[in-house]
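1. Requesting a structural model of the entry that follows:
(one chain, ligands or ions: 2)
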Amino acid sequence: MEKIVTAAEMKQLDSHTINTIGIPSLVLMERAALAVRDEILTAFPLNQDHVVVVAGNGNNGGDGLAVARLLKIAGLPVTIVNVGNPDHASEEHKTQAHICDYYKIPTTTDLSVLNDATLIVDAIFGIGINRPVAGHYQDVIKAINEAKAPVVAVDMPSGLNTDTGEVMGIAVKAATTVTFAYNKKGLTTANGHQYGGRIIIANDMGTYDL
Ligand SMILES: NC(=O)C1=CN([C@@H]2O[C@H](COP(=O)(O)OP(=O)(O)OC[C@H]3O[C@@H](n4cnc5c(N)ncnc54)[C@H](O)[C@@H]3O)[C@@H](O)[C@H]2O)[C@@H](O)CC1
Ligand SMILES: [K+]
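-> Ligands and ions are numbered 1, 2, ... in the order given. Down below sits the predicted model:
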């Protein structure tokens, strides 16, 4: 039977994989980003299209920055929209941001770039969402949903509760969601299908199954 997990269960599996087994967090992040890249290159044939990656400041955003780098390496024009205070970024996010600087990927906080996108990667919140979406985050999700481009969500459509599928104020409407290791309870609900679109489970992450 398919294993479906809550945010807490997924965090425990990640933590065990990283801290007990010793697979570095950045290795898991790279595997996650490769799965998103592969899905984008397979399902959204792009030529000189413009991918906009919207990245929060946690590890979901870190995944997004790694996807931005991998798509740039694949030859696509990519822009990063950063959301959230960079001073509060996770360590992995900071590492990925440093690498993106090296790859000279344009980075902005200006949401108008979403109107020029032909594909949007949603990497604002993943399983770490723990309160209603408010303020600038709300504006960003609204702008993503108003843009014409299809959206690929990283792990979860931002704004959707991982456990219940509840819309926490507002949520990204994705064409496809690439979720990592196991399906998430919230993605199996009616909202999960409505906001997550096609759900791809990247099940070769290397996450250890307790
Ligand atoms: N090493 C790991 O732990 C791995 C994590 N991965 C990615 O990391 C994600 C989880 O990362 P994080 O735990 O950093 O959490 P997120 O990146 O999902 O969220 C970032 C932070 O946003 C804050 N937040 C929550 N709700 C908010 C709200 N409504 N408004 C404003 N801020 C809010 C929280 O403090 C949270 O830590 C996964 O979904 C997955 O995409 C993957 O890279 C695989 C490996
Ligand atoms: K996301």
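
2. Now do the SS call for the residue nearest to residue 190 when sequence neighbours are not counted.
-> Spatially, and ignoring its direct neighbours in sequence, residue 190 is nearest to residue 165 (7.2 Å; CB to CB, 6 or more residues apart in numbering). Every C-beta, even on glycine, is put in place using the N, C-alpha and C of the backbone. At residue 165 the chain is in coil, as set by DSSP: H, G, I helix; E, B strand; the rest coil.

3. In this structure residue 165 contacts residue 186, no?
-> Yes. Counting by CB atoms under 8 Å, residue 186 is a contact partner of residue 165 at 3.9 Å.

4. ok, back up a step: state the distance from the residue nearest to residue 190 to ligand 1.
-> 15 Å (CB to the nearest ligand atom, to the nearest Å).

5. related to what we said a few turns ago, show me whatever sits in contact with both of residue 165 and residue 186.
-> Common neighbours of residue 165 and residue 186, counting by CB atoms under 8 Å, 6 or more residues apart in numbering, are residue 192.

6. follow-up on the earlier one: dump the residue contacts of the residue nearest to residue 190.
-> Applying CB under 8 Å, 6+ apart, we find residue 165 in contact with 185, 186, 187, 188, 189, 190, 191, 192, 195.

7. my read: residue 107 touches residue 79, true?
-> Yes. Counting by CB under 8 Å, residue 79 is a contact partner of residue 107 at 7.4 Å.

8. all helices of this protein, in order?
-> 7-15, 25-43, 59-73, 91-102, 135-146, 190-196 (DSSP state H).

9. which helices and strands does the fourth one pack with?
-> Packed against helix 91-102, as judged by 3 or more CB pairs under 8 Å, 6 or more residues apart in numbering; DSSP states H and E, are the following elements: helix 25-43, helix 59-73.

10. what angle sits between the last one and helix 7-15?
-> It refers to helix 59-73. Orientation of helix 59-73 against helix 7-15 (axes from the mean of the first three to the mean of the last three CA atoms, to 10 degrees) gives an angle of 60 degrees.

11. and helix 59-73, is it in reach of ligand 1?
-> Yes. Using CB under 6 Å from any ligand atom, we find that helix 59-73 touches ligand 1 at 59, 60, 61, 63.
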